[in-house]
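below are the sequence and a predicted model for it; my questions follow.
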Amino acid sequence: MAGDASGIPDLDQEKYDADEQVKIICLGDSAVGKSKLMERFLIDGYRPQQLSTYALTLYKYTTTIDSKAVLVDFWDTAGQERFQSMHPSYYHKAHACIMVFDVQRKITYKNLTNWYLELREYRPEIPCVVVANKIDADMKVTQRNFNFAKKQGLPLYFVSAADGTNVVKMFKETIKMAVSYKQNSSDFMDEVMRELENFELEPKKDLLETTEEELKAES
Ligand SMILES: Nc1nc2c(ncn2[C@@H]2O[C@H](COP(=O)(O)OP(=O)(O)OP(=O)(O)O)[C@@H](O)[C@H]2O)c(=O)[nH]1
Ligand SMILES: [Mg+2]
């Protein structure tokens, strides 16, 4: 979307208006349905912003939590299997992670271990949810035990991007966790970032005024 007359892009204006801003990343093998899940959730206020034609899509979403305006940046990537791992900047300052596997392909479940290890290398404490996608293809899978989530103490959601089952619930709960993490995290770097964000510059003294006063004082 084009910027307004003052030349300030809309996205910056949104950032300015928000009380809180969080970044949520999405991990998982190729074709597990990461992008389809985002599209399903954002279908009403859908505004993808293609930062790179190659690997990264950034989705903006605004919502209200406890009467505060929250701006969510969802980060989605493509073709991850080609890289085996993500660039560190993908994890940088993320406040929550959605880790997706495809209930129809066992290997995508097995690979969660690798994704999780990498996530924890960069973001040891952020909330992470495990998402079993494509349950529309076989509802029986919801009876199966997917121990990875239980073992790691992570919430598990059975969802379908195709028919929408649990998609809104999963995203809304993840956003809440991200906001709560951002506000309460005891991670040192996060605390520094929080301080910097809340830091307001003192009104600058008019330089000319100062000079005149100083001149008077001197004379
Ligand atoms: N049956 C079914 N198919 C799905 C579902 N979600 C995604 N798909 C299909 O799975 C394929 C991959 O979905 P994407 O969302 O592109 O997967 P991705 O994880 O973003 O893949 P990359 O961008 O390559 O990392 C597409 O053909 C989708 O139509 C679902 O809930 N049910
Ligand atoms: Mg994708």
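Received it, and whenever you're ready, just let me know what you need. Ligands and ions are numbered 1, 2, ... in the order given.

in the longest helix anywhere in the chain, what's buried?
Ranked by residue count and defined by DSSP state H, the top helix of the chain is helix 167-184. Neighbour counts over helix 167-184 (16 or more other CB atoms under 10 Å) mark 167, 170-171, 173-179, 181-182 as buried. (Each C-beta comes from the backbone N, C-alpha and C, glycine too.)

what's that helix in contact with?
Contact with helix 167-184 is made by 20, 22-24, 37, 40-41, 63, 65, 70, 72, 95-96, 98, 125-127, 129, 131, 155, 157, 159-161, 190, 194, as judged by CB atoms under 8 Å, 6 or more residues apart in numbering.

among those, which are located in helices?
Per DSSP H, the contacts of helix 167-184 map to helices at 37, 40-41, 190, 194.

now for those, which pair is the farthest apart?
Arg40 and Arg194 (31.6 Å; CB to CB).

the two: who's more crowded?
Neighbour count, other CB atoms under 10 Å: between Arg40 and Arg194, Arg40 has more, with 20 against 15.

please, which helix or strand holds the residue of the chain found nearest ligand 2?
Residue nearest to ligand 2 within the chain: Ser35 (3.2 Å; CB to the ion). Following DSSP states H and E, the helix or strand that holds Ser35 is helix 34-42.

hmm, who's touching that helix?
Outside helix 34-42, the residues touching it (CB under 8 Å, 6+ apart) are 26-28, 46, 57, 59, 61, 74, 76-78, 98, 100, 131, 133, 159, 161-162, 164, 167-168, 171.

tell me the centre residue of the chain?
Ile24 (1.2 Å; CA atoms, centre = their mean).

dump the residue contacts of that residue.
Here Ile24 is in contact with 72-75, 94-98, 174-175, 178 (CB under 8 Å, 6+ apart).

and Asp138, by the same measure?
103-104 are the contacts of Asp138 under CB under 8 Å, 6+ apart.

give me every residue in the protein lying close to ligand 2.
34-35, 78 (CB under 5 Å from the ion).

list buried residues within these.
34-35.

got the domain ranges for this protein?
The chain breaks down into these domains under automatic domain parsing: 19-185, 187-219.

please report how far Asn198 lies from Lys182.
According to CB to CB, to the nearest Å, Asn198 stands 12 Å off from Lys182.

check Leu42 too.
From Leu42 to Lys182 the distance is 21 Å (CB to CB).

try Pro155
Pro155 is 18 Å from Lys182, by CB to CB.

next one: Tyr122
Taking CB to CB, one finds Tyr122 at 16 Å from Lys182.

and what of Ser30?
For Ser30, the distance to Lys182 - CB to CB - is 29 Å.

just Lys23 next, same as before
Lys23 is 9 Å from Lys182, by CB to CB.
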